[in-house]
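*Asks:* Sequence and predicted structure are below.
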Amino acid sequence: MLNRFFLPVFLTVFTGIFAASGPNIEHIHNVRVDKKGNFKRKMLADYLKQSEQLKSHNSGFAKVTESQIKHMSQEAKDASWGTSQLFKCYLSNDNQYIIKEIKASCSNPNSPIKEIERLELAKSYQPIANCVHPNKMPEYPQFIFPIAYLSYTHGKNRRYVVVMPSAKGNSLMNYMTEFQNGYKKNNHAYLQATGKSYFYVGRRMSRFYEYHRSKRTDKSTILHGDFHMGNIFFDSKTNQVTLIDNESVCRSFNSCKSRAEDIAFLTLKSMFVSKWNEHKLFFSNHSRKKDWYDLFLPCFIAGYLSTYDQKYRFSEFKKLKGWIKSYKDPEDGSHWYTNTKTLGFSHKSYMDPVFSRIENSKIFFSIDIESAQKYFADGRTLLHDTAKNNGETICIWPLIAAGASINATDNHDNIPLHEAAWSNRDEALKRLIYAGSNKQAKDRNGHTAQDKAKYNNSHKAIDMLNSL
């Protein structure tokens, strides 16, 4: 007897290729769906097993089972995927796939076909083709595109499904959540991962933009076009940056585009997406908002600048700052930088101080992977110098994101935390401790950071050490 909440619909048996509209869309007729035309896990497994496209890509699809499929309805809602049908298929640890329905718009029932055409156009464009997953160019971002386009019929409507490799790592949206958890649970791994993700997104995208700018006579570049936190993934094990929802890329193929659009979308507009509502309570605290901007923005900028020769970094920083501060919403002309309506506060109030500290820093423009991991003759690192110098606190997270050792010891067994404690740098201490510095570490004389702060009457440092 059928459950009254679940009414399967049976359609006739046949599998064929529907290619009338151009793209190779495999239409599968033997389909079971519920009364709304949606899949349950077992139904989807049966559907995928019939696809010749999928089986030719990975033979594991011929034997896929319900247990290998996870429904991601909440993830679809959180990330604003624009679909209620979102699944993940686990063929193996190294072979995971996203199955997503492309929803037709009310005004245009052919919109799924248009989206598929845009995806195929972007995928086939040679400069992008070099970066399609699996990417053999590790210094560039990789782009995820579908491996199969499928369709089925429900009632009078044709429904479209795409299957694509799952991006490895976490989205930047999830890293925002990990940033929150890092402060709530004092878990330094969360905070380090957040800073590292933004550093490498900046670095990979900077290379990508410059590479394509050098190939075009008008010196414009190729954009992602929908560059928000939910569409950007980072794998902290490999430092790989992966981009999804890439149909928007083709908008910049034949027109002059500035990277300002992508950069403004990530640094400003990303905060306006739906899941931001879940973060409002946490970020209602002024100190936490400041901590967020002090972490993600310097890390992104340092990563972005690290691909340039050091003598050009300051001028490139000025360009970057200008793009962020001046960008206008293409729909209503409002300045995202000073907008207060959506978030209840403006980016300007938190970004201006960050920009000012970067501009006045003597260390920031030397930050890159090589300099962050370099040891000087006396065993010191740039992180040691940053920790003790007033005005250089802005460099701490970017240096750690670029690979600086948080507990590196000099020839006297001093770690950066010792330098900050002795020099009474309370903000530096805060960042170092949250990043995972060892409060119990001792120098050659057996002194901890607390001992050094007390010996030198560093009262702000003592208070900070006692509070964390």
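*Replies:* Here it is on my side, so go on.

*Asks:* what about the stretch 201-350 of the chain, any weak spots by pLDDT?
*Replies:* Under the criterion pLDDT under 70, the flagged ranges of the stretch 201-350 of the chain are 216-219, 254-256, 271-284, 342.

*Asks:* For it, just list every one of the helices.
*Replies:* Ranges of helices in the stretch 201-350 of the chain, per DSSP state H, counting those that start in this stretch, are 260-267, 276-283, 286-305, 313-326, 348-360.

*Asks:* out of these, which comes closest to residue 84?
*Replies:* Put simply, out of the helices of the stretch 201-350 of the chain the one that sits nearest residue 84 is helix 276-283, at 19.0 Å, with distance taken as C-beta to C-beta. Where you see a C-beta, it was placed from the backbone N, CA and C, and this is true even at glycine.

*Asks:* Surely residue 223 and residue 251 touch.
*Replies:* Yes: using C-beta atoms under 8 Å as the test, residue 223 is close enough to residue 251 to be in contact (7.3 Å).

*Asks:* who touches both of those two?
*Replies:* Common neighbours of residue 223 and residue 251, using C-beta atoms under 8 Å, 6 or more residues apart in numbering, are residue 257.

*Asks:* Now mean neighbour count too, for the helices of the stretch 201-350 of the chain, in a markdown table please.
*Replies:* Listed next are the helices of the stretch 201-350 of the chain as a markdown table, based on neighbours: other C-beta atoms under 10 Å:
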| stretch | mean neighbour count |
| --- | --- |
| helix 260-267 | 22 |
| helix 276-283 | 14 |
| helix 286-305 | 22 |
| helix 313-326 | 16 |
| helix 348-360 | 16 |
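
*Asks:* can you redo those helices as TSV with distance to residue 398?
*Replies:* Converted to TSV, the helices of the stretch 201-350 of the chain look like this (distance: least, C-beta to C-beta, whole Å):
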stretch	distance to residue 398
helix 260-267	15
helix 276-283	21
helix 286-305	4
helix 313-326	12
helix 348-360	9
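
*Asks:* The ones you listed: which one's closest to residue 383?
*Replies:* Using C-beta to C-beta as the criterion, the shortest distance between residue 383 and these is 13.1 Å, found for helix 286-305.

*Asks:* could you check the angle helix 313-326 makes with that closest one?
*Replies:* Taking axes from the mean of the first three to the mean of the last three C-alpha atoms, to 10 degrees, one finds that helix 286-305 is oriented at 130 degrees with respect to helix 313-326.

*Asks:* Nearest residue to residue 321 in space, please, no chain neighbours.
*Replies:* Closest residue to residue 321 apart from its sequence neighbours, by C-beta to C-beta, 6 or more residues apart in numbering: residue 355 at 5.3 Å.

*Asks:* Might one say that that neighbour is in contact with residue 322?
*Replies:* No: between residue 355 and residue 322 there is no contact under C-beta under 8 Å: 10.2 Å.

*Asks:* Which parts of the stretch 1-150 of the chain are strands?
*Replies:* Assigned by DSSP state E, counting those that start in this stretch, the stretch 1-150 of the chain shows strands spanning 9-10, 15-18, 25-28, 32-33, 69-71, 86-92, 95-102, 142-143, 148-154.

*Asks:* For residue 332, find the nearest of those strands.
*Replies:* The closest of the strands of the stretch 1-150 of the chain to residue 332 is strand 95-102. By C-beta to C-beta, the value is 27.5 Å.

*Asks:* Which elements pack onto the closest one?
*Replies:* Contact here means 3 or more C-beta pairs under 8 Å, 6 or more residues apart in numbering; DSSP states H and E; on that basis strand 95-102 packs against strand 86-92, helix 111-124, strand 157-165.

*Asks:* 10 Å instead, please
*Replies:* Using 3 or more C-beta pairs under 10 Å, 6 or more residues apart in numbering; DSSP states H and E as the contact definition, the elements that strand 95-102 packs against are helix 41-49, helix 52-57, strand 69-71, helix 73-78, strand 86-92, helix 111-124, strand 148-154, strand 157-165.

*Asks:* Relative to residue 99, which of the helices of the stretch 201-350 of the chain is closest?
*Replies:* Closest approach to residue 99 among the helices of the stretch 201-350 of the chain (C-beta to C-beta): helix 276-283, 25.2 Å.

*Asks:* Of all the helices of the stretch 201-350 of the chain, which one is nearest residue 378?
*Replies:* Closest to residue 378 of the helices of the stretch 201-350 of the chain, according to C-beta to C-beta: helix 286-305, at 24.5 Å.
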